[in-house]
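Asks: What shape does this take:
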Amino acid sequence: MEFPTEELNMLSFPMVAGVLTWLITQVLGIIFMIKFKPDKKNRKIEEAIRRGHVVKGVNNGRWDGHNNRLRDVKDDTYDAEYVYEVNGKKMIYKYTGHTLPPSTISLYYLDNPKKVFPGMGMSTWARDMAGLRFALVYILPLIFGALVMLALGGIPQ
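Replies: Reported below is the predicted structural model:
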């Protein structure tokens, strides 16, 4: 019985280097996902609720959808101002996001009432991070592995 040499030929240096690059970038992407998970914002909201630092912000009627004057197309970014009250003092929270601002929102703060943040309904951070996570964990490792393999000589024929 002969030992197949074609399978050994597939384990060339470019192929091994490409697979190792893919594996290393895959692990780094997973580490990034674990370190920067969106649960961090949920923990901040839970802590603010536990402390009783929740206020209602009311849209004061000012909001704007930006127009990109160069292409004459909306860039779907909205600005709004919300007025909220803490200990009898009225303050303003300025919202910028990709969704049309509602008339009222819940605002949270930990220690300083001037540093409020909206709940998850107003935040586009989780949506933005979902795309970045997909790229970091699935797409970029494949691209890096293929580039390393091709730079070192490609797939053996």
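Asks: in this protein, what spans have low per-residue confidence?
Replies: The chain contains residues with pLDDT under 70 at 1-10, 36-41, 62-76, 120-130, 155-157.
Asks: can you tell me which helix in it is longest?
Replies: Secondary structure of the chain per DSSP state H: the longest helix is helix 13-35.
Asks: That helix packs against which elements?
Replies: helix 125-134, helix 140-151 (3 or more Cβ pairs under 8 Å, 6 or more residues apart in numbering; DSSP states H and E). Backbone N, C-alpha and C define where each C-beta goes, glycine included.
Asks: Tell me which of these lies nearest to residue 52.
Replies: Nearest to residue 52, of all those, is helix 125-134, at 24.3 Å by Cβ to Cβ.
Asks: Phi first, then psi, for the closest residue to residue 107 other than its chain neighbours.
Replies: In this structure, residue 107 finds its nearest non-sequential neighbour in residue 116, 4.1 Å apart by Cβ to Cβ, 6 or more residues apart in numbering. Main-chain torsions, residue 116, degrees, to the nearest 10: phi -90, psi 160.
Asks: Contact partners for residue 116?
Replies: 55, 57, 84, 91, 93, 107, 108, 109 (Cβ atoms under 8 Å, 6 or more residues apart in numbering).
Asks: Can you pick out the ones from those residues that are in strands?
Replies: 55, 57, 84, 91, 93, 107, 108 (DSSP state E).
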